[in-house]
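J.: next one to model:
(chains A and B)
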Amino acid sequence: MDDRLVIAGREFGSRLFLGTGKFPSNQALRATIEACGTELVTVALRRVDPTATDDILDAIPPERVLLLTNTSGAVDATEAVRLARLARAAGLPEWIKLEVTPDPRYLLPDPVETLKAAEILCADGFVVLPYVNADPILCKRLEEAGCATVMPLGSWIGSNQGLRTRAALEIIVEQSLVPVVVDAGIGAPSQAAEAMELGADAVLVNTAIGTAGDPVAMGTAFKLAVEAGRRGFLAGLPTVARVADASSPLTGFLS
Amino acid sequence: MTLTAADDVLATDFDRLRAHVDDATPLDVERALRSPRRSLADFAALLSDAAGDRLEELARLSHETTLRRFGRTIHLFAPLYLSNECVSVCTYCGFSADNEVPRRTLSPEEVLTEARELRARGFRHLLLVSGEHARIVSKDYLVECVSALAPEIPSISVEVQVWDTDTYRRLAGAGCEGLVVYQETYDRDVYAAVHLKGKKRNYDWRLTALDRGAEAGMRRLGIGALLGLQDDWRVDALAVAAHARALLRRWWRCEVTISLPRLRPAAGFEPEHVVDDRDFVQLLCALRLLLPDTGLVLSTRENPAFRDSLVRLGVTHMSAGSHTEPGGYASPSDAEPQFEVSDDRSPRDVAAALRLAGYDPVWKDWERV
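T.: Below you'll find the predicted structure:
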């Protein structure tokens, strides 16, 4: 079955994207990237240090995996744009995960500043994947601004609470012309499968894998769950009935 | 609405909270342990003897909470002492003006040499520290030091005498994003008894410093109390927790870190009230449960074995290989250190110990924009 995800003209064989924070070591990160089969990995520019001996970028195989630099730490559009341009100047790919999170506790995205930054970065030739609250109108506005995907949150970053925003995610998936990547809050493989079953094009996971007792094994579990959820979605999930579906229908006599 | 986080602290009924530590029942502790969002009263219950009986459970919850928010990472930073000149007299500090000790102030060029040495040892986050001397360690001098370091050091914080908003704005503009001000003790009487001379005697000016810094654009606010000044450590524990919450609510864009150094011997000073290890662990875990997203900082005042054990209990930031005298890294002299260091392992050895414990030492976590 050829079911490739295409974002901004690039094909991805895996619908599992991986965040790189919170891993116990670069070695564990490297092994997890291999095990989970991801082809897109996001790294905070603030963590990147090309002058260090064991930098986080050393854990990412560039031939197989696309590096998606994120603007973590930016509190407004100006800072996010500057960080993106710093990444470009450092020779990193022009794919940017746009994060504008002025509140360092819940790390909730600022919708106003995110849209502002997206407009500037898209016009400047970046491939922009914005992290946003599950707001269907904002997602349409970002799509119109030229973003390559939208990345609505399932619940707060790192909360492992799953798809608290499910009702809004369903509307976003229904309306979106660009791929929808559910980002943040996915705490278990079953929740990743749920996102894929409801029609998300991909999921981005970090905390649940990075902080697992065995990140490699958890990465594999997510890989399988994302594939299972996707296949379930493509196969056409049966609708959930509120009452039993009688095997001897009341109106059977009419036929 | 109050105007500052300091006002919120001053409006807190600490007597009631302190009483709750003593009268907390096992049921109060149970509720505090189970609650998804904890109050200061819950925190008080977690400091109680009844909670002390459930320390292992407290530790497990603290570990899980920290892991979820921070992962298996520990941020490493180094203090860079600029000067031990000081006009204040504080009974517990090696820099105290009445101590006849060798004094030294680094020139901005010497500060840069120190920073480069620390950079070579791995550090990308430096905390600039000095005694209080408004003429020798002036605002212009501090701005000059930050400006000299900013092109080479991604993350700079200061822990110096408290200043007005304009000075903080100049420092932030020069590339300093973190402001650390320990109140030392939140108990006014004890504060007055240990700060005998100098501008530092002004309790309120110090308490409001973080508000001024945040207003001026500082992004990271570090607070703390010196455990051992006040004979009842729980008094300062409650106050520092209240201060953190007040800062987080008012300055919601800022990150807050808490440090609770246990007093160490310094020139002519032996701490009177020592907080024991078990109490310290209980406090650390209780803070983590009250403030799941707040950085908890551990200095080299603590010994290596204890530091290694605390990594799994809620600590998120550590200094390593510290020298507490100006010039200690690149040009050692006989200048008096601020306090005796207990963990004298090299940064490399501390990083190795962290890796052994399954934690990733994070040297760089900031990009100045």
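
J.: residue boundaries of the strands in the stretch 101-250 of chain A?
T.: A:127-132, A:151-152, A:181-183, A:202-205 (DSSP state E, counting those that start in this stretch).

J.: who does the third one touch, helix- and strand-wise?
T.: For strand A:181-183, the contact count by 3 or more C-beta pairs under 8 Å, 6 or more residues apart in numbering or on different chains; DSSP states H and E identifies strand A:151-152, strand A:202-205 as packing neighbours. All C-beta atoms are positioned from the backbone trio N, CA, C, and that covers glycine.

J.: equivalent analysis for the longest one, please.
T.: Under the contact criterion of 3+ C-beta pairs under 8 Å, 6+ apart, the helices and strands touching strand A:127-132 comprise strand A:95-98, helix A:111-123, helix A:136-145, strand A:151-152.

J.: mind listing the strands it pairs with, and their directions?
T.: strand A:95-98 (parallel), strand A:151-152 (parallel) (DSSP bridges).

J.: same question for the last one.
T.: Applying DSSP bridges, strand A:202-205 is found paired with strand A:16-19 (parallel), strand A:181-183 (parallel).

J.: spit out the contact partners of residue A:98.
T.: Contacts for residue A:98 were tallied using C-beta atoms under 8 Å, 6 or more residues apart in numbering or on different chains; they are A:70-71, A:80, A:84, A:114, A:117-118, A:121, A:128-131, A:147.

J.: my bad, should have said residue A:248
T.: Neighbours of residue A:248 in contact, by C-beta under 8 Å, 6+ apart: none.

J.: correct me if wrong: residue B:337 contacts residue B:328.
T.: Yes. Contact criterion C-beta atoms under 8 Å: residue B:337 and residue B:328 qualify, at 7.3 Å.

J.: which neighbours do the two have in common?
T.: With C-beta under 8 Å, 6+ apart, residue B:337 and residue B:328 have no common neighbours.

J.: tell me the SS of residue A:80?
T.: helix (DSSP: H, G, I helix; E, B strand; the rest coil).

J.: if I look at it, how far off is residue A:50?
T.: As for residue A:80, its distance to residue A:50 is 21 Å (criterion: C-beta to C-beta, to the nearest Å).

J.: let's check: the centremost residue of the chain is which one?
T.: All of this is about chain A. residue A:204 (3.1 Å; C-alpha atoms, centre = their mean).

J.: um, chain B though
T.: Centre-nearest of chain B using C-alpha atoms, centre = their mean is residue B:259, 3.2 Å out.

J.: for chain A, what are the nearby residues on the stretch 251-369 of chain B?
T.: B:252-255, B:293, B:355, B:358-360, B:362-367, B:369 (C-beta under 8 Å from any C-beta of the partner chain).

J.: how about a cut-off of 10 Å?
T.: B:252-256, B:291-295, B:351, B:354-355, B:357-369 (C-beta under 10 Å from any C-beta of the partner chain).

J.: break down the stretch 151-255 of chain A into its helices, ranges please.
T.: A:166-175, A:189-197, A:207-210, A:215-235 (DSSP state H, counting those that start in this stretch).

J.: shaky segments in the chain?
T.: Since you didn't name a chain, this refers to chain A. A:1-2, A:240-243, A:245-246, A:255 (pLDDT under 70).

J.: actually, chain B is the one I wanted.
T.: In chain B, residues with pLDDT under 70: B:1-2, B:265-268.

J.: residues in contact with the residue of it found nearest chain A?
T.: Residue of chain B nearest chain A, by C-beta to the nearest C-beta: residue B:71 (2.1 Å). Shown in contact with residue B:71 (C-beta atoms under 10 Å, 6 or more residues apart in numbering or on different chains): A:21-24, A:158, A:206-207, A:210-211, B:316, B:359-360, B:362.

J.: can you tell me, leaving aside adjacent residues, what's nearest to it?
T.: residue A:22 (2.1 Å; C-beta to C-beta, 6 or more residues apart in numbering or on different chains).

J.: what about that neighbour, neighbour count?
T.: Here the number of neighbours of residue A:22 (other C-beta atoms under 10 Å in any protein chain shown) works out to 23.
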